[in-house]
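Novice: Please work out how this folds:
(chains A and B)
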Amino acid sequence: GAGVSQSPSNKVTEKGKDVELRCDPISGHTALYWYRQSLGQGLEFLIYFQGNSAPDKSGLPSDRFSAERTGGSVSTLTIQRTQQEDSAVYLCASSVLAARAGELFFGEGSRLTVL
Amino acid sequence: DAKTTQPNSMESNEEEPVHLPCNHSTISGTDYIHWYRQLPSQGPEYVIHGLTSNVNNRMASLAIAEDRKSSTLILHRATLRDAAVYYCILSNGNNRKLIWGLGTSLAVNP
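Specialist: Below is the predicted model:
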């Protein structure tokens, strides 16, 4: 498809397990973002990739969270030793540029539930 | 980073205009004003953005106050599909610095 694709759409896991969430951005978009949205809340920035530059990891809540982007395209967000407070919808977005006026295109999110 | 203030919820009737307000009294001269909306169980969707002048696109209009301390998103004829949470956001630098508040939950009555 032409939009941002995320998988899985839903993930239920047990506390302590590791999870991987995948994002396939729009082709040609050099900027990729991960956000987290807890129930009834606004979006919380997690991490940002722009081309070959070092990623901005300033939003990652703990060292259990990591992300990589391979070949400037697909990105994987990994959460190790999941906790119940990690339950949220994880949203990926991409844009053509990192310009301040650039439009972000979001995927439909991956809903993570940690039991 | 400058923050925005929006009403928690608003209600409108179908086919009537809707004016969604946003206050951003601490906006800086280089901050862009962005609006996104989020339908239930979906990711946010870009609506419109502007800097100083009013803006129009196929989805909506953005009216920016002369002092830029407030703005209004205008949906000219609300439809049931416009029921969503509308976020007003400022950006200075790049998109990762967008600060997302709780937005305005818009209900559209048939």
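Novice: what bits of chain A have low per-residue confidence?
Specialist: Judged against pLDDT under 70, the low-scoring parts of chain A cover residues A:1, A:97-102.
Novice: Spell out which parts of it neighbour chain B.
Specialist: Remark: the part of chain A in contact with chain B comprises A:4, A:31, A:33, A:35, A:40-45, A:48, A:56, A:59, A:91, A:93, A:95, A:98-109, using Cβ under 8 Å from any Cβ of the partner chain. No exception for glycine: its C-beta is placed from N, CA and C like everyone else's.
Novice: Could I have the buried ones of those residues as PyMOL selection syntax?
Specialist: The buried residues among the residues of chain A next to chain B can be selected in PyMOL (16 or more other Cβ atoms under 10 Å in any protein chain shown) with this line:
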select buried, chain A and resi 4+31+33+35+42+43+44+45+48+56+59+91+93+95+98+100+102+103+104+105+106+107+108+109
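Novice: Please, which helix or strand holds the spatially most central residue of chain A?
Specialist: What sits nearest the mean C-alpha location of chain A, by Cα atoms, centre = their mean, is residue A:34, with 3.1 Å. In this structure, residue A:34 sits in strand A:31-37 according to DSSP states H and E.
Novice: In PDB, list the C-alpha atoms belonging to that strand.
Specialist: Coordinates of each C-alpha in strand A:31-37 appear next as PDB, following Å, rounded to 0.1, in the frame of the first residue of the first chain:
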ATOM      1  CA  ALA A  31      12.300  10.800   8.400                       C
ATOM      2  CA  LEU A  32      10.700   8.200  10.700                       C
ATOM      3  CA  TYR A  33       9.200   8.700  14.100                       C
ATOM      4  CA  TRP A  34       8.000   6.400  16.900                       C
ATOM      5  CA  TYR A  35       5.400   7.700  19.300                       C
ATOM      6  CA  ARG A  36       3.500   6.100  22.200                       C
ATOM      7  CA  GLN A  37      -0.100   6.800  23.100                       C
END
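Novice: helices or strands next to it in the packing?
Specialist: When contacts are defined as 3 or more Cβ pairs under 8 Å, 6 or more residues apart in numbering or on different chains; DSSP states H and E, strand A:31-37 sits against strand A:44-50, strand A:75-79, strand A:88-95.
Novice: what residues does the second one touch?
Specialist: Under the criterion Cβ atoms under 8 Å, 6 or more residues apart in numbering or on different chains, residues A:18-23, A:25, A:32, A:34, A:46-47, A:49, A:64-70, A:86, A:90, A:92, A:112 lie in contact with strand A:75-79.
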